[in-house]
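Student: Predicted model follows, preceded by the sequence.
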Amino acid sequence: MGSGALGLQTMQNEFSTANMRAVWNDEHRLRNICLVERTVAQVQAELGIIPQKAAEEIQQLCRYETIQMRKLYLAAAKSGHFLAGFVKYMQDQLSESAGEFIHYGMASQDILDTAMILQLRQAHQIVDSSLQKIAKELIKIAEKYQETVAVGRGHGGHSPSTTIGFRAAVMLNELERYLTRLHELEPFVFTGVIGGVVGTHAALGEWGMTVEKKVLERLNLSVPEIYWHTQRDRFVEYGHILTMISGALQKLGQDLFDLSRTEIQEFEEPYAAGRQASTALPTKHNPYMCEAVINLGNLVQNQMSLLYEAMRVMHEKDTIGWRNIWVALPEICMYLSAQLNYSYTLLHKGSFKTDNIERNLYLDGGSKMSERLMMDLAQQIGKQSAHQLLYQIANDARQEKVSFKEALQKNETIGHYYSSDELTALLDPHTYIGIAVEQSKKVVALFKKRHPEVMK
């Protein structure tokens with residue numbers, strides 16, 4: 001029984017994916033806590049710090065499969081401290097002698113932080129895989145529509161032409177940077193810590209750093225230069241990259257939402273048989289996936305502020321900021337997982353309406369091509385004079401309620417320099433896309449070169 005968008009079975013699939021929820025649920029958290037505790041005991045036994053027999057018993061019993069969840073919850077509630085309750089519960093399950101050596105010389109934060117890093121690494125694999133899938137779709141779109149000319153839009157209005165492929169390449173280029181940063185951050189972020197209560201390794205003395213190194217190597221985690229209980233930048237920096245990814249997806253959702261508008265109709269999100277958009281209007285095809293991508297971006301960004309506050313740790317330890325991470329980081333990962341999933345579906349199964357894209361190129365009466373005409377006319381009368389002339393012609397067109405092209409054709413100065421055919425050629429949106437095609441090809445080629453693993 002849950003509550004809220006992530007806890008209710010009737011809502012959670014709209015706000016997260018099942019595989020990401022599985023990373024952050026009770027079972028997976030406990031599996032990682034048990035793994036860290038078992039690894040500590042195993043290493044300590046090998047070094048002669050605790051009896052081998054005790055370590056073997058811990059290996060056998062400190063596992064999620066053996067835990068009686070009700071008893072664990074009661075132990076944690078009675079202790080008022082989850083890991084203290086966990087240790088007491090495990091002690092009761094072990095023999096009297098072995099129970100003395102569970103969590104030997106450890107601090108709660110050693111276990112909880114290291115276990116959370118293991119969870120984050122598993123979440124990272126989902127994010128990485130999802131980003132790669134989206135990148136593949138963007139490459140397909142960039143290549144398929146590299147010469148499909150479309151209206152450029154600035155400030156909500158028509159601007160000079162672009163191509164659908166160029167738009168896809170721009171986003172691919174941005175996501176490629178995030179993918180690269182995520183990979184570069186792996187050694188830094190996926191670092192464990194076994195430093196003791198204030199990080200000095202005092203409890204285990206001369207064995208402290210050896211235990212930390214061996215435990216973390218077995219967990220395939222980096223070994224820190226110094227303890228980081230009070231350094232929360234690993235979580236914050238990783239969350240920051242995820243939030244930037246979310247922001248890029250939010251722009252994608254917003255753009256596709258706008259292109260889905262009835263009066264534009266350049267994009268349509270997928271509607272499989274049986275999918276409905278309204279209980280009142282049976283004819284509706286609402287862009288709900290686009291809306292979800294935008295909304296999820298808001299949720300991610302709001303949680304990120306909690307992570308920034310988590311860096312304010314007092315002295316050697318407190319749980320004020322620590323608790324923020326337990327809330328914010330899993331939620332960021334879960335919201336982002338849904339956002340990634342929706343975005344992939346939009347790109348993979350959505351459709352660009354090329355007939356409507358072509359139709360919309362001519363809705364503005366040629367005004368979006370005024371830059372091209374200005375730069376050509378500048379060779380005759382100067383750039384500023386050309387700008388002022390076209391500005392006045394545009395104003396005249398609005399007052400007279402005629403198209404920009406019609407106003408141009410009636411202007412004597414324009415008629416002096418251009419024939420009707422020459423003017424039509426200059427106002428052709430298909431022939432004013434600059435180096436969009438070349439740049440799209442370049443970005444796609446660079447991505448394939450830098451990330452060959454994605455193209456397999």
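Tutor: Right, received. Where do you want to start? Numbers count the residues shown, from 1 in each chain.
Student: elements contacting the helix or strand hosting Leu242?
Tutor: Taking DSSP states H and E as the definition, Leu242 sits inside helix 233-259. For helix 233-259, the packing partners by 3 or more C-beta pairs under 8 Å, 6 or more residues apart in numbering; DSSP states H and E come out as helix 108-144, helix 164-189, helix 288-309, helix 320-349. From N, CA and C alone the C-beta is placed, and that goes for glycine too.
Student: Let's have the ones you listed in JSON lines, adding mean pLDDT.
Tutor: Formatted as JSON lines, the helices and strands packed on helix 233-259 follow (pLDDT from 0 to 100):
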{"stretch": "helix 108-144", "mean pLDDT": "97"}
{"stretch": "helix 164-189", "mean pLDDT": "97"}
{"stretch": "helix 288-309", "mean pLDDT": "96"}
{"stretch": "helix 320-349", "mean pLDDT": "96"}
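Student: what's the closest of those helices to Asp396?
Tutor: Proximity to Asp396 (C-beta to C-beta) singles out helix 164-189 among the helices and strands packed on helix 233-259, at 32.9 Å.
Student: List the residues that contact Ser351.
Tutor: Residues counted as contacts of Ser351 (C-beta atoms under 8 Å, 6 or more residues apart in numbering) are 267-268, 270.
Student: In strands, which of those fall?
Tutor: 267-268 (DSSP state E).
Student: of the contacts of Ser351, closest to Met374?
Tutor: Phe267 (30.7 Å).
Student: how near is the closest residue to the closest one other than its chain neighbours to Tyr145?
Tutor: When the adjacent residues along the chain are set aside, Phe267 lies closest to Leu259, with 3.9 Å between them (C-beta to C-beta, 6 or more residues apart in numbering). Per C-beta to C-beta, to the nearest Å, Leu259 is found 13 Å from Tyr145.
Student: How about Ser108?
Tutor: Taking C-beta to C-beta, one finds Ser108 at 54 Å from Tyr145.
Student: So between these two, which is more surrounded?
Tutor: Between Ser108 and Tyr145, counted using other C-beta atoms under 10 Å, Tyr145 has the larger neighbour count: 20 against 17.
Student: For that one, give me its contacts.
Tutor: So Tyr145 contacts 163-165, 168, 352 (C-beta under 8 Å, 6+ apart).
Student: Now with 7 Å, please.
Tutor: Neighbouring residues of Tyr145 by C-beta atoms under 7 Å, 6 or more residues apart in numbering: 163-165, 352.
Student: so can I have a markdown table of the residues you listed showing neighbour count?
Tutor: Below are the contacts of Tyr145 laid out as a markdown table (neighbours: other C-beta atoms under 10 Å):
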| residue | neighbour count |
| --- | --- |
| Thr163 | 24 |
| Ile164 | 24 |
| Gly165 | 28 |
| Phe352 | 17 |
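Student: Out of the residues you listed, the closest to Arg21 would be?
Tutor: Phe352 (32.5 Å).
Student: For that closest one, which residues count as its bridge partners?
Tutor: Phe267 (DSSP bridges).
Student: now the helices and strands packed on helix 233-259 as TSV including distance to Gln93?
Tutor: Formatted as TSV, the helices and strands packed on helix 233-259 follow (distance: least, C-beta to C-beta, whole Å):
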stretch	distance to Gln93
helix 108-144	17
helix 164-189	33
helix 288-309	35
helix 320-349	25
